[in-house]
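Undergrad: fold the following and give me the result.
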Amino acid sequence: MLVKIFGGAVYGINALTITIEVNILWGAKFIIVGLPDNAVKESQQRIDSALREIGLKIPGKRVIINMAPADVKKEGSSFDLPLAIGILAANDQLPNAQLDKYLIMGELSLDGSLQAVKGVLPIAIHAKKEGFKGILLPYQNANEAAVVQDFEVYGFHHLNEVITFLKQEKDFSPISFDQQVMTAFPDDDLLDFKDVKGQENVKRAMEVAAAGGHNMIMIGSPGSGKTMLARRLPTILPPMTIEEALETTKIHSVAGKIQNNHSLITSRPFRSPHHTISDVALVGGGSWPQPGEISLAHHGILFLDELPEFRRAVLEVLRQPLEDRKITISRSKFSVEYPANIMLIASMNPCPCGYYNHPTKECNCPPGEVQKYLSKISGPLLDRIDIHIEVIPVELDKITNPSDSEASSVVRTRVIAARAIQTKRFQSYPGIYCNAQMTSPLLKKYCPLDDKCVALLKIAMQRFGLSARAYDRIIKLSRTIADLDHNEKITPQYIAEAIQYRSLDKDGWGR
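TA: Residues are numbered from 1 along each chain as shown. Model (predicted):
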C-alpha cells in the first residue's frame with residue numbers, strides 16, 4: 001500500500017516541504033531514495049528498535065521510501081518519526097486519514113522516545129503557509145513551534161503517543177504560546193551602567209551607538225574597562241520587536257542553539273567569539289552551510305575583544321556583511337543567504353605593550369611598532385566602524401566614590417525614544433530600522449546640512465584625511481545625536497560631537 005507523509009527540511013533560514021512516499025511490496029529489502037545522507041539511511045536501525053519496543057516491527061517485505069523532491073539532499077535524524085509513521089501506515093497498522101493534515105518531524109531513540117531536532121520554527125512557519133492544519137514534534141521543540149499563531153502544535157515524548165494521537169484514541173491539547181514573553185524585558189541585575197565609575201564619554205558614545213545601531217571600537221590600555229563596558233551595552237538596547245524576535249529565533253533554531261522547551265529569543269544576542277575563530281565559523285559555511293557568529297548575532301551585538309589578535313583574513317570577511325547586512329554562502333549546486341544585521345563592537349589595546357597614550361605609564365614599544373600594530377586592522381574595515389572612542393583608565397578617586405552612576409534603565413529610556421523617532425522616519429522603507437542603515441538617498445533626504453555644518457565637515461575632512469564613507473558615517477552619527485536631543489535639525493554641535501568619535505583618524509595614533 002502506498003502512503004504519503006510530510007516532513008520538512010531547512011535551507012538557509014527558510015524551509016521546504018519534504019514529501020515522504022512509502023510503498024510496501026513483495027520482497028525483502030529496505031530502500032530509501034531521494035538523496036538521503038548517512039543519518040537518514042541509518043534511521044532504519046533506530047526505527048526498527050523503536051517499533052520493537054512498542055510491540056511492532058518493520059514488515060519483512062520490500063519497503064521502498066522516496067523523499068521528494070528527489071534532487072534536494074536530505075540531512076539529519078529529524079526524519080525518523082515521519083518515516084516510522086509512514087511505514088506503519090503503509091503496512092495497514094495505522095490509519096492514514098490524518099496524515100495529509102499534519103507535518104511530522106522528530107528523532108527516535110532506540111526505546112521509542114523522541115529527541116529534539118533543529119530548525120523547528122522555520123519549518124512550522126512554512127507548514128502554516130503550505131496549508132497544513134498543524135505539526136507533530138518532540139515535546140522539547142513544541143514551545144518553539146507554538147510561536148506560529150493559529151496553527152496546531154502537538155508535542156510528544158514517545159512514539160506511542162504519536163500513534164495514539166493519529167488513531168484518535170485519546171485527546172491531546174495543542175501547545176499554546178505565552179504572549180507575556182514579548183512584554184517582559186530581561187533585566188540582569190549583575191550588569192548595569194550604574195556600577196561603572198567614570199568613563200562618562202564612553203558611556204555617552206555607547207548611548208549614541210545603541211540609539212542609532214552604529215558600529216563601535218574602543219581603544220584603551222589593559223584594565224581601562226573596555227570589556228566591562230561592552231558587556232553592559234545590551235542593557236541599554238531597545239527591546240526586540242516580534243518581527244526581530246522571530247527572525248533571530250529562526251537563525252538560532254537552524255543552528256540548534258535554542259534550549260529545549262524554550263520559545264522565542266526575546267533578548268538581543270551578544271556573541272563574543274575568541275580571537276582564534278576561523279573565517280568560516282565567523283561568517284558561516286561548511287559542506288552543508290550553517291550560520292556563523294555574525295548571523296547568530298543578528299539584531300544584536302557581535303563583540304570582538306582584542307581586535308588586532310584576530311587573523312587578518314578573518315577580519316576582512318566582515319567588510320561585506322557590515323555593508324550589506326546579509327551573507328550569501330554559495331556552493332556548486334545551491335546557495336543560502338543568512339541575515340547579518342548586527343552592531344559590531346570591538347576593543348583593542350593601542351599598542352603591543354598596551355600603554356601607548358597612557359596618562360601615567362610609559363609605552364615600551366620600539367619606534368614604528370605602534371603603527372605596525374594598528375595596521376593589522378585595515379582601513380576599509382575601520383571605515384565601516386562609525387565610532388572610534390578612546391578609553392582612559394579611571395582615576396582612583398572616581399573608583400572609590402560610593403555614589404552610583406546613571407542606571408541602564410534611564411539610558412535605555414532615551415535610546416528607546418530615539419529609536420521610536422527612527423522607526424517613524426523609516427516606516428515606508430522596508431529593511432531600514434535605524435540611522436546606521438541609511439542609504440545615500442535617505443542621507444540626503446533626512447540629513448540636510450546648513451553652511452556652518454558643511455564648513456565644519458570640510459575642515460575635518462582636510463584635517464584628518466577622511467574618506468567619503470567616513471564622511472557619511474559622521475553625518476549618520478550627527479542624525480542620531482540630534483534624535484537623542486529630539487531635534488529635527490542637525491546643528492554644528494552635533495557634527496562636532498560626531499567628529500570626536502573618530503579617534504583613530506586623529507594625529508597621535510601611531511603617526
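Undergrad: only C-alpha atoms from now on, for both contacts and neighbour counts.
TA: Fine.
Undergrad: show me the contacts for the residue lying closest to residue 336 once chain neighbours are set aside.
TA: Nearest residue to residue 336, sequence neighbours excluded (CA to CA, 6 or more residues apart in numbering): residue 12, at 4.9 Å. Counting by CA atoms under 8 Å, 6 or more residues apart in numbering, residue 12 touches 254, 289, 290, 291, 336, 337, 338.
Undergrad: burial count for residue 402?
TA: Counted by other CA atoms under 10 Å, the residues lying close to residue 402 total 10.
Undergrad: quick check: it is in a strand.
TA: No. Looking at residue 402 with DSSP: H, G, I helix; E, B strand; the rest coil, it is coil, so not inside a strand.
Undergrad: the residue nearest to residue 336 and residue 485, how far apart?
TA: According to CA to CA, to the nearest Å, residue 12 stands 40 Å off from residue 485.
Undergrad: circling back: which of the contacts of residue 12 lies closest to residue 394?
TA: Nearest to residue 394, judged by CA to CA, of the contacts of residue 12 is residue 291 at 38.9 Å.
Undergrad: now do the phi/psi pair for the closest residue to that closest one other than its chain neighbours.
TA: Computed as CA to CA, 6+ apart, the closest residue to residue 291 that is not its neighbour in sequence is residue 284, at 4.5 Å. Main-chain dihedrals, residue 284, degrees, to the nearest 10: phi 100, psi 160.
Undergrad: surely residue 284 is in contact with residue 297?
TA: No. With contacts counted by CA atoms under 8 Å, residue 284 stays clear of residue 297, the gap being 11.9 Å.
Undergrad: picking up where we left off before, contact partners for the residue nearest to residue 291?
TA: When contacts are taken as CA under 8 Å, 6+ apart, residue 284 is in contact with 290, 291, 292, 293, 294, 295, 329.
Undergrad: tabulate these (a markdown table), appending distance to residue 246 and neighbour count.
TA: Compiled in a markdown table, these are given as follows (distance: CA to CA, whole Å; neighbours: other CA atoms under 10 Å):
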| residue | distance to residue 246 | neighbour count |
| --- | --- | --- |
| 290 | 18 | 23 |
| 291 | 16 | 27 |
| 292 | 18 | 21 |
| 293 | 18 | 21 |
| 294 | 17 | 30 |
| 295 | 14 | 29 |
| 329 | 22 | 18 |
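Undergrad: among those, which lie within strands?
TA: When DSSP state E is applied, the contacts of residue 284 are split such that 290, 291, 329 fall in strands.
Undergrad: using PDB, list the CA coordinates for the longest strand along the chain.
TA: Across the chain, the longest stretch assigned as strand under DSSP E is strand 14-25. Only the C-alpha atoms of strand 14-25 are listed here, as PDB (Å, rounded to 0.1, in the frame of the first residue of the first chain):
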ATOM      1  CA  ASN A  14      13.800  29.000   5.100                       C
ATOM      2  CA  ALA A  15      12.100  25.600   4.900                       C
ATOM      3  CA  LEU A  16      10.900  23.200   2.300                       C
ATOM      4  CA  THR A  17       8.200  20.600   2.500                       C
ATOM      5  CA  ILE A  18       9.600  17.000   2.000                       C
ATOM      6  CA  THR A  19       7.000  14.500   0.700                       C
ATOM      7  CA  ILE A  20       7.800  11.000   2.000                       C
ATOM      8  CA  GLU A  21       6.300   8.300  -0.100                       C
ATOM      9  CA  VAL A  22       6.300   4.800   1.400                       C
ATOM     10  CA  ASN A  23       5.300   1.700  -0.500                       C
ATOM     11  CA  ILE A  24       5.500  -1.900   0.700                       C
ATOM     12  CA  LEU A  25       5.900  -4.700  -2.000                       C
END
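Undergrad: what strands line up against that strand, and which way round?
TA: strand 2-11 (antiparallel), strand 62-68 (antiparallel) (DSSP bridges).
Undergrad: tell me the buried residues in the shortest one?
TA: Of the residues in strand 62-68, 63, 64, 65, 66, 67, 68 count as buried by neighbour count, 16 or more other CA atoms under 10 Å.
Undergrad: do the same with the longest one
TA: By 16+ other CA under 10 Å, the buried positions in strand 2-11 come out as 3, 4, 5, 6, 7, 8, 9, 10, 11.
Undergrad: and for stretch 448-467?
TA: Buried residues in stretch 448-467 (16+ other CA under 10 Å): 449, 453, 457, 460, 461, 466.
Undergrad: which parts of the stretch 1-150 of the chain are helices?
TA: 38-41, 43-53, 80-90, 120-129, 139-145 (DSSP state H, counting those that start in this stretch).
Undergrad: helices and strands around the fourth one, which ones?
TA: The reference is to helix 120-129. Packing partners of helix 120-129 (3 or more CA pairs under 8 Å, 6 or more residues apart in numbering; DSSP states H and E): strand 2-11, strand 14-25, strand 134-138, helix 139-145, helix 242-254.
Undergrad: out of the ones you listed, nearest to residue 101?
TA: Here strand 134-138 is closest among the helices and strands packed on helix 120-129 (CA to CA), at 6.9 Å.
Undergrad: what lines up beside the closest one in the sheet?
TA: Strand 134-138 has these strand partners (DSSP bridges): strand 102-104 (parallel), strand 152-156 (parallel).
Undergrad: how about residues contacting the longest one?
TA: In other words, strand 152-156. 114, 133-142, 145-146, 162, 172-176.
Undergrad: same thing but 6 Å
TA: Residues from elsewhere that reach strand 152-156 (CA atoms under 6 Å, 6 or more residues apart in numbering): 134, 135, 136, 137, 138, 139, 142, 146, 174, 175.
Undergrad: now the buried members of those.
TA: 134, 135, 136, 137, 138, 139, 142, 146, 174, 175.
Undergrad: how close does the third one get to residue 157?
TA: Spelled out, it's residue 136. Residue 136 is 11 Å from residue 157, by CA to CA.
Undergrad: equivalent analysis for the fourth one, please.
TA: When CA to CA is the yardstick, residue 137 and residue 157 sit 9 Å from each other.
Undergrad: cool, and the last one?
TA: In this structure, residue 175 and residue 157 are separated by 13 Å, where distance is defined by CA to CA.
Undergrad: same question, the first one
TA: Between residue 134 and residue 157 the computed distance is 17 Å (CA to CA).
Undergrad: same thing with residue 209?
TA: For residue 209, the distance to residue 157 - CA to CA - is 45 Å.
Undergrad: also residue 141?
TA: In terms of CA to CA, residue 141 sits 11 Å off from residue 157.
Undergrad: low pLDDT regions in the stretch 351-500 of the chain?
TA: 399-400 (pLDDT under 70).
Undergrad: no more questions from me, cheers.
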